[in-house]
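In: predicted model and sequence follow; I will ask about them next.
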Amino acid sequence: PVVTILSYFTFFQQRIEIHKLRQGDNLILGFSIGGGIDQDPTQNPFSEDKTDKGIYVTRVTEGGPAEVAGLQIGDKIMQVNGWDMTMVTHDQARKRLTKRNEEVVRLLVTRQSLQKAVQQSMMS
Amino acid sequence: MSAAMDTESTYSGYSHYSGHSKKAHRQGRDRHKSPRSKDGSRSEKSVTIQTPPAEPLLGNDASRAEEGQDDNWGETTTAITGTSEHSISQEDIARISKDLEDSVGLDCKRYLGLTVAAVLGLLVFLTPIAFILLPQILWRDHLEPCGTVCEGLFISVAFKLLILLIGTWALFFRQPKADIPRVFVFRALLLVLIFLFVFSYWLFYGVRILDSKDTNYQGIVQYAVSLVDALLFIHYLAIVLLELRQLQPMFTVKVVRSTDGESRYYSLGHLSIQRAALVVLENYYKDFTVYNPALLTASKSRAAKHMAGLKVYNVDGPGNNASGQSRAMIAAAARRRDSSHNELYYEEADHERRVKKRRARLVVAVEEAFTHIKRLQAEEQQKAPGEMMDPREAAQAIFPSMARALQKYLRTTRQQQYHSMESILQHLSFCITNNMTPKAFLERYLNPGPTLQYDRNRWFSKQWTLVSEEAVTSGLQDGIVFVLKCLDFSLVVNVKKIPFIKLSEEFIDPKSHKFVLRLQSETSV
């Protein structure tokens, strides 16, 4: 039981490392974000709690760096390169993801499917 | 041909008296052989109708001309025979005799009340004048001369009496519009109050002034003025008690007709039960659609079919357990899997479709008929004097083209008893005179209207009885139920109090209306 509780906390979140792709003058990651503390949380289709104002992945381009790295649609981004993303505005989130001098971003994401898998394994 | 028809009509008159339905049926078959009127015969301007009287027991000759009980005028509009399917039943005889004997009794009571009130009123009005005049007549020599103040009081007495007269005329001198079972409590109280009041004034006057032959004339005149003032205040009291108190709505009454469930709501103030019944009845005649017994036959036949076909056989012994038998029948009828709901559904859908079809045909026929008529302006009237018709003739001219469609529609909606051909012609000429459109003409026939719209003979509701568990002079209370019965149906009245409303206030600053955009942007990175 103790081991499973520890694993619950470890695998609740996932670390994803995305290498940006250079397209002309821009570095792109290949996904779209939605949410933020200045946005309306009730219109977020991916969140379980409709008062959650965090940053969610709303689209992942096929074959892009994000998909290759394992990012899925509906993921909630908790941290970007160590910066917290749970209490930021939409624009601040965009800025943190698109810093020109960074080629790699390390995201800490959480996923509902992850939670459910852990809960199922706890119950069995 | 017309001679044969004449003999037919007199024959039908006798058949009406005997009330045999078979003869009426034979009449119906014979009627179909008569020629149908075509539009070409429209130029004939006179139409003869021969009808038998509707209620021969009353011997009212005046009604002979008006009662057109001809059911087939749609097919035979130029020469008509009248055959009535109306027959006098035992109920009608009872109703007529009841009408006669009741009217005598109530009139006596009403006139007695009126005369008492009139005598009292006259007495009251003449009292101040008597107070002023009696000293002048009886001991004029000993009286003090009347100064300025005293004469001023004469003027005030005169004008106050005039105002009192006008006020009494406005308030009390009205045609009684109803006979109610018990006396009006407030009116009786007021009469008693006035009587006591005037009596006490006369007593005082007789003892202190007449007997002692008081010489202070100004005092006597002031006494008379005080009487008139007090009478004006009693008049004010009468207004408040009789008129103002019941204006503010306190109760909502629901009136439901027992035969078809039609219901209405009315607002009433503090009234006694009998006066509330009066208000309900006055509104009944204008709000409720007319009572049509022909519409109830369908549900009655359905009800008869439910219990038909079940018989109880007692196999155990000779005992006759009636309640047990009826309970067994009810249980069996409930368990039987009958499809009468199916029949009802399809029958109603079918009827709806038929009514709509006939209605469409009727509307088209009437619109077409109305296009044949044009109103002549004043200048045109001098130019073409030959062809001019007055409204009645114009109505008779266009009537045949819509008569059949109208009659079929009335038959389908079972309204044919309520509209005689004469009444339709009158309505048509009325509509033509007032420049009404075909739709306005048809409004009366497409929907059943309130009872007031129809002939008095078709009302089925003239004598009402108030059935109530509480005394009819007691006031309305929440939860009271009383019933207004007439011979064929009854109105069940349920009284509810208007709830106490708690209204509170909320102030909104006009500057406080502010809005913000609900964003949900998506950025690709």
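Out: Received the coordinates, thanks. Residues are numbered from 1 along each chain as shown, chains lettered A, B, ... in the order given.
In: quick one: low-confidence ranges for chain A?
Out: For chain A, the stretches flagged by pLDDT under 70 are A:1-11, A:114-115.
In: who's in contact with residue A:47?
Out: A:35, A:41, A:54, A:56, A:76 (Cβ atoms under 8 Å, 6 or more residues apart in numbering or on different chains). In short, each C-beta sits where N, CA and C put it, glycine included.
In: show me the contacts for the second one.
Out: So the one you mean is residue A:41. Shown in contact with residue A:41 (Cβ under 8 Å, 6+ apart): A:35, A:47, A:50, A:51, A:52, A:53.
In: before we move on, what about the third one?
Out: Residue A:54 makes contact with A:35, A:47, A:76, A:77, A:78, A:85, A:86 under the criterion Cβ under 8 Å, 6+ apart.
In: one more pass at 10 Å, please.
Out: Listed by Cβ atoms under 10 Å, 6 or more residues apart in numbering or on different chains, the contact set of residue A:54 reads A:34-37, A:41, A:44, A:46-47, A:76-78, A:84-88, A:93, A:110.
In: centroid residue for chain A?
Out: residue A:77 (2.7 Å; Cα atoms, centre = their mean).
In: quick check: pLDDT value at the nearest residue to residue B:392 once chain neighbours are set aside.
Out: Excluding its sequence neighbours, the residue lying closest to residue B:392 (Cβ to Cβ, 6 or more residues apart in numbering or on different chains) is residue B:429, at 4.8 Å. Listed pLDDT for residue B:429 reads 93.
In: how about residue B:429, secondary structure?
Out: helix (DSSP: H, G, I helix; E, B strand; the rest coil).
In: neighbours of it, how many?
Out: Under the neighbour criterion other Cβ atoms under 10 Å in any protein chain shown, residue B:429 is assigned a count of 18.
In: do you know how far residue B:331 is from chain A?
Out: 55 Å (Cβ to the nearest Cβ, to the nearest Å).
In: list the helices and strands the strand or helix carrying that residue packs on?
Out: Per DSSP states H and E, residue B:331 falls inside helix B:322-335. Applying 3 or more Cβ pairs under 10 Å, 6 or more residues apart in numbering or on different chains; DSSP states H and E, one finds that helix B:322-335 contacts helix B:297-307.
In: name the residues of the helix it packs on that are buried.
Out: For helix B:297-307, a neighbour-count test (16 or more other Cβ atoms under 10 Å in any protein chain shown) marks nothing as buried.
In: cool, stretch A:96-105 as well?
Out: Applying a neighbour-count criterion of 16+ other Cβ under 10 Å, one finds A:96, A:97, A:98, A:105 buried in stretch A:96-105.
In: in three-state terms, label the first one for me.
Out: So that's residue A:96. Quick answer, by three-state DSSP: residue A:96 is helix.
In: what do you get for the last one?
Out: Counting by three-state DSSP, the backbone at residue A:105 sits in strand.
In: which residues touch the residue nearest to residue B:392?
Out: Neighbours of residue B:429 in contact, by Cβ under 10 Å, 6+ apart: B:390, B:391, B:392, B:393, B:394, B:395, B:396, B:399.
In: adding secondary structure, distance to residue B:243 and neighbour count, write those out as a markdown table.
Out: Below are the contacts of residue B:429 laid out as a markdown table (DSSP: H, G, I helix; E, B strand; the rest coil; distance: Cβ to Cβ, whole Å; neighbours: other Cβ atoms under 10 Å in any protein chain shown):
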| residue | secondary structure | distance to residue B:243 | neighbour count |
| --- | --- | --- | --- |
| B:390 | coil | 47 | 10 |
| B:391 | helix | 44 | 17 |
| B:392 | helix | 45 | 16 |
| B:393 | helix | 50 | 12 |
| B:394 | helix | 49 | 19 |
| B:395 | helix | 46 | 22 |
| B:396 | helix | 50 | 20 |
| B:399 | helix | 49 | 21 |
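In: spatially, which two of those are the most separated?
Out: Maximum pairwise distance among the contacts of residue B:429 (Cβ to Cβ): 14.5 Å, between B:390 and B:399.
In: that older thread, from the contacts of residue A:54, which land in helices?
Out: Assigned to helices by DSSP state H, the following of the contacts of residue A:54 qualify: residue A:93.
In: filter the contacts of residue A:54 down to just the buried residues.
Out: For the contacts of residue A:54, buried by 16+ other Cβ under 10 Å: A:34-36, A:41, A:44, A:46-47, A:76-78, A:85, A:88, A:93.
In: nearest to residue B:139 among those?
Out: residue A:41 (104.2 Å).
In: buried sites along the strand or helix carrying residue B:192?
Out: Using DSSP H and E, residue B:192 falls within helix B:185-204. Within helix B:185-204, the residues that count as buried by 16+ other Cβ under 10 Å are B:186, B:190, B:191, B:194, B:198, B:201, B:202.
In: show me what from chain A comes close to chain B.
Out: With Cβ under 10 Å from any Cβ of the partner chain as the criterion, chain A meets chain B at residues A:18, A:20, A:26-36, A:38-45, A:56-59, A:61, A:64, A:66, A:90-91, A:93-98, A:105.
In: how about low-confidence regions in the stretch 101-250 of chain B?
Out: B:101-107.
In: can you give me the helices in it?
Out: All helices of the stretch 101-250 of chain B, identified by DSSP state H, counting those that start in this stretch, fall at B:148-172, B:185-204, B:217-239.
In: just put the contacts of residue B:429 in TSV and tack on pLDDT.
Out: As requested, the contacts of residue B:429 are exported to TSV (pLDDT from 0 to 100):
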residue	pLDDT
B:390	88
B:391	89
B:392	92
B:393	90
B:394	90
B:395	92
B:396	92
B:399	92
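In: between these, which is nearest residue B:235?
Out: Among those, and counting by Cβ to Cβ, the member closest to residue B:235 is residue B:391, at 50.4 Å.
In: quick check: which element contains the residue nearest the centre of chain B?
Out: Nearest residue to the geometric centre of chain B (Cα atoms, centre = their mean): residue B:285, 2.8 Å. Counting by DSSP H and E, the element that carries residue B:285 is helix B:273-287.
In: pull out the buried residues from that helix.
Out: Within helix B:273-287, the residues that count as buried by 16+ other Cβ under 10 Å are B:273, B:274, B:275, B:276, B:277, B:278, B:279, B:280, B:281, B:284.
In: closest to residue B:245 among the residues you listed?
Out: The shortest approach to residue B:245 among the buried residues of helix B:273-287 belongs to residue B:275, at 11.3 Å (Cβ to Cβ).
In: buried residues in stretch B:441-460?
Out: B:441, B:442, B:444, B:445, B:448, B:449, B:451, B:454.
In: what's the domain layout of chain B?
Out: According to the TED database, chain B comprises the domains B:103-244, B:251-292+B:460-497.
In: which of the ones you listed is buried the deepest?
Out: Neighbour counts (mean count of other Cβ atoms under 10 Å in any protein chain shown) averaged over each of the domains of chain B peak at domain B:251-292+B:460-497, with a mean of 16.
In: how far does that one stretch from start to finish?
Out: 4 Å (Cα to Cα, to the nearest Å).
In: return the distance of it from the chain's centre.
Out: The chain centre lies 13 Å from the centre of domain B:251-292+B:460-497; the measure is Cα atoms, centre = their mean, to the nearest Å.
In: one step back: my guess is the residue nearest to the centre of chain A contacts residue A:58, does it?
Out: No. With contact defined as Cβ atoms under 10 Å, residue A:77 does not reach residue A:58; the gap is 11.1 Å.
In: any shared contact partners between the two?
Out: Common neighbours of residue A:77 and residue A:58, counting by Cβ under 10 Å, 6+ apart, are A:31, A:33, A:35.
In: inside strands: which ones of those residues?
Out: A:31, A:33 (DSSP state E).
In: which among the shared contacts of residue A:77 and residue A:58 gets closest to residue B:464?
Out: Nearest member of these to residue B:464, counting by Cβ to Cβ, is residue A:35, at 74.0 Å.
In: which residues in chain B form strands?
Out: Under DSSP E, chain B gives strands at B:48-50, B:79-81, B:251-257, B:263-268, B:465-468, B:481-485, B:490-497, B:522-524.
In: nice, that's everything, thank you.
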